[in-house]
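In: Next come a sequence and a model predicted from it.
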Amino acid sequence: QPRRIAATSAAIRVAYELGESPGLSVGFHVRLERRPPTFDSSIEFVTTGVLLRRLLGGFSKALEGVTHIVVDEVHERDREIDLLLGVLRDLLVQRKEAADLPNTKIIVMSATLDSDAFSGYFGNCPVISVPSKTLYPVVEYFLEDVQNIIAPERKPQRKAPKKSVKDSWGHRTVNDWKTTVVDPVERALMEEKVITGEALRSENRDDISVIVRETKGEKKVSRESDSYDLALCKIMSELVVNLVRSSRVPLAGSNGGAILCFLPGWDEIQTVKKRIFQLLPGASGSGTSFGAPLLSIHILHSAIPHLQQREVFSPVPASSVKLILATSIAETSITIDDVTVVIDSGRIRESNWHAASRMTSLDVTYASLARATQRIGRAGRVREGVCYRLYSRSFRSVLRGAEVPEILRCSLEGLALLAVGVTEGYRIPSKGLIARLMDPPDASRVARAVEQLETIDAIERSDDGGVQLESMSALGLHLARLPVEPVVGRMLILGVLLKAVDAAITIAACLSTQDFLSALPTRPETMTVVQNSLSGTSDVLALVKVYEDWLGSSEIERLSGKDPASRFFISEGALRLVSRLREQLQFALYRQGFFGGGGGSADSTPASLNTHGDDENVRCALICAGTLGNIAHRVGADGIELLTKGVSNARVHPTSVVSDGVGFGGRSAWYTYVELTRTRGIYVRANTVARPLELLLFAAARVDPVSRFWVSALPPGLDRAADATLPS
């Protein structure tokens with residue numbers, strides 16, 4: 001299964017159908033939790049990542065006694081699913097020549113897959129087609145229908161502003177929202193120039209932009225505006241309240257019915273939840289009474305604890321309505337029996353890799369038709385269901401059929417490292433395995449990823465009869481088990497060695513959160529305050545300081561707007577995202593034994609590994625390690641331009657805390673950066689002032705003893721500059 005809640009809930013359900021508890025003939029294994037089956041003839045539900053990591057030990061060992069592998073929800077095409085399918089396909093080929101490999105049967109399935117494509121990938125294997133209709137009919141409504149449902153709730157103002165009609169709750173009505181936002185966008189989408197892939201602005205309006213770009217012949221539609229998703233959240237909140245108040249949520253048998261809302265992410269979930277509380281006077285807590293019925297609100301998100309996720313399966317009394325605010329995690333593999341209403345925002349958060357910054361961003365875009373099919377299928381399980389789409393019928397026609405495979409829009413270093421691990425010992429070059437995937441990424445990207453892994457000593461090369469093979473180093477084995485990019489994982493391990501592990505974990509969480517790194521609004525009028533209060537030498541350290549101060553702030557300070565998040569206009573949601581990632585990284589280090597016997601636990605790091613954590617020089621050194629190769633050197637007579645990788649005329653971005661060029665008591669010659677961007681000029685962003693010695697020790701992979709200070713990790717030109725500035 002692609003997700004842990006899918007694996008565990010399916011295992012529990014199958015065990016229940018067999019009249020037993022998990023751990024007998026049915027078991028599961030997910031991250032942080034395992035209940036293996038004990039009977040010889042058994043079923044084990046695992047996540048894709050767990051199976052891939054089992055295969056690191058070799059096919060024979062990992063698949064001993066396994067007669068069948070069923071890979072579910074393959075339509076999602078995330079990078080682990082694609083890699084697993086490639087590995088299993090190679091297994092089918094290899095076992096024809098190797099008698100020691102298991103004769104395991106492979107079954108791949110999904111309710112919305114392209115069966116011809118998958119069958120062709122596996123050598124035209126047989127296809128079994130099972131009709132995938134819901135048990136009961138589901139009525140589908142679109143935005144124009146939703147408008148008619150909640151418009152009667154409005155109390156129009158006597159004097160409406162020209163630009164925006166607002167209701168008694170202080171926001172725009174559905175009619176106004178649809179007129180000013182939805183209709184212009186949809187008209188623009190249907191114009192011929194959009195069909196050719198050009199980017200448009202919707203009739204000079206500021207709150208919506210429509211970008212259409214072509215990816216492998218398909219048009220990808222996204223609307224890049226926070227106000228657009230805020231409008232969707234408001235409409236969804238009001239629709240929920242209207243349905244509950246008017247008793248239009250069908251019961252689920254003898255129990256109360258449930259509304260399942262699909263939203264793109266955590267911030268939108270919290271927005272809808274808060275809005276519902278605003279619309280219901282006196283609302284508080286997760287069970288909100290405003291008469292009859294009772295509304296019980298649950299959140300289904302990958303970041304919340306697993307036990308809390310399972311609460312969504314608990315039924316509610318007939319006098320209640322269960323509201324589940326979920327991301328795409330609820331689309332597949334899980335069955336919540338009492339869902340009778342689905343509200344689909346039509347939006348998802350999709351990861352995209354930015355090669356310039358070596359970072360992944362989560363961009364909000366429209367879900368595909370395949371996802372729309374999965375979402376409507378969540379209703380109609382126990383009785384007739386209803387699905388409300390928060391987009392129009394006409395807009396549906398321009399949605400893409402399926403998502404672009406994640407492997408084409410993600411970093412390849414982590415994937416390449418896993419590929420090295422699973423192919424080791426079977427004379428299969430990792431680059432060859434990746435090239436044989438269903439939609440292989442560009443070969444040059446794969447080559448750069450493998451080269452980067454070799455640079456940080458994560459893999460080793462060998463020549464086996466003229467075949468160039470890679471194998472994992474001891475460091476690579478650890479990096480493969482950390483939930484961050486290998487370069488950032490290497491920085492975490494350096495944090496342990498430098499006895500600054502807490503600082504390293506926080507820096508790693510910041511470097512892995514694109515939205516957070518661009519969160520500090522350092523305008524000219526606030527620059528001095530930021531430099532004096534946070535950091536004058538590093539944008540990254542300034543954000544780390546905001547996080548640490550926010551973590552130490554009280555609830556009263558946060559409510560009164562006196563905490564760092566409020567003072568520096570940083571989203572509390574971004575800070576909470578960093579906090580959740582910190583917890584994952586800390587647990588990963590603990591589980592791999594990096595805390596040793598120093599008294600640390602999964603919840604806290606040992607004091608002995610934090611003796612240098614407050615030293616700013618050590619923190620800067622860690623940033624050098626985490627931004628390996630992203631180095632800028634001040635050149636030119638005026639000292640304004642910077643020499644970077646492939647660019648000789650970059651500049652420090654004016655919003656950076658080091659934009660004045662001063663650091664460590666004098667004009668800085670060296671910087672590390674996270675992102676190289678091109679707007680009106682070429683700028684380096686998220687910068688840190690660095691000393692040459694820090695670059696040599698932590699941002700460099702090799703030092704050539706012949707040319708003395710020549711550093712191979714530095715781009716051409718910077719190596720000679722480093723030699724000139726380093727002490728003898």
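Out: Everything's here; your move.
In: For residue 141, give its distance to residue 149.
Out: The gap separating residue 141 from residue 149 is 8 Å, by Cβ to Cβ, to the nearest Å. For the C-beta atoms, the positions are set from N, CA and C on the backbone; glycine is no exception.
In: all helices in the stretch 351-500 of the chain, in order from the N-terminus.
Out: Remark: helices assigned in the stretch 351-500 of the chain by DSSP state H, counting those that start in this stretch are 369-376, 393-396, 413-423, 430-435, 443-455, 474-479, 486-497.
In: would you list the ones you listed in CSV and tack on distance to residue 114?
Out: CSV is the format used below for those (distance: least, Cβ to Cβ, whole Å):
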stretch, distance to residue 114
helix 369-376, 9
helix 393-396, 19
helix 413-423, 22
helix 430-435, 21
helix 443-455, 24
helix 474-479, 34
helix 486-497, 32
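In: And the strands in the stretch 1-150 of the chain, which stretches?
Out: Secondary structure of the stretch 1-150 of the chain (DSSP state E, counting those that start in this stretch): strands located at 26-30, 33-35, 43-46, 68-72, 105-109, 138-141.
In: Select from those the stretch with the lowest mean pLDDT.
Out: Mean pLDDT per stretch puts strand 33-35 lowest among the strands of the stretch 1-150 of the chain, at a mean of 83.
In: which residues of the stretch 1-150 of the chain score low on pLDDT?
Out: 32, 57, 98-100, 132-134 (pLDDT under 70).
In: list the contacts for residue 113?
Out: The contact partners of residue 113, by Cβ atoms under 8 Å, 6 or more residues apart in numbering, come to 74, 75.
In: returning to that earlier point: mean neighbour count added to the helices of the stretch 351-500 of the chain, as CSV?
Out: CSV is the format used below for the helices of the stretch 351-500 of the chain (neighbours: other Cβ atoms under 10 Å):
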stretch, mean neighbour count
helix 369-376, 20
helix 393-396, 16
helix 413-423, 25
helix 430-435, 20
helix 443-455, 18
helix 474-479, 19
helix 486-497, 23
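In: Show me what counts as buried in stretch 34-46.
Out: By neighbour count with 16 or more other Cβ atoms under 10 Å, stretch 34-46 contains the buried residues 35, 37, 43, 44, 45, 46.
In: Nearest residue to the fourth one in space, ignoring adjacent ones along the chain?
Out: Across the structure, with Cβ to Cβ, 6 or more residues apart in numbering as the measure, the residue nearest residue 44 apart from its sequence neighbours is residue 27 (4.8 Å).
In: Can you get me a residue count around the nearest residue to residue 328 once chain neighbours are set aside?
Out: Residue nearest to residue 328 in three dimensions, not counting chain neighbours: residue 348, with 5.4 Å by Cβ to Cβ, 6+ apart. Neighbour count of residue 348, defined by other Cβ atoms under 10 Å: 21.
In: Look at residue 348 and give its secondary structure.
Out: strand (DSSP: H, G, I helix; E, B strand; the rest coil).
In: Next, the contact list for it, please.
Out: Per Cβ under 8 Å, 6+ apart, neighbours of residue 348: 264, 327, 328, 364, 365, 366, 367, 371.
In: Report pLDDT for it.
Out: If you check residue 348, the pLDDT there is 89.
In: For residue 225, give me the pLDDT.
Out: Note for residue 225: predicted pLDDT of 48.
In: ok, now residue 248?
Out: Looking at residue 248, the pLDDT reads 84.
In: cool, residue 257 as well?
Out: 84.
In: On the strand side of things, show who residue 46 bridges to.
Out: On the basis of DSSP bridges, residue 46 takes part in beta bridges with residue 29.
In: these two touch, right, it and residue 4?
Out: No: with contacts counted by Cβ atoms under 8 Å, residue 46 stays clear of residue 4, the gap being 9.4 Å.
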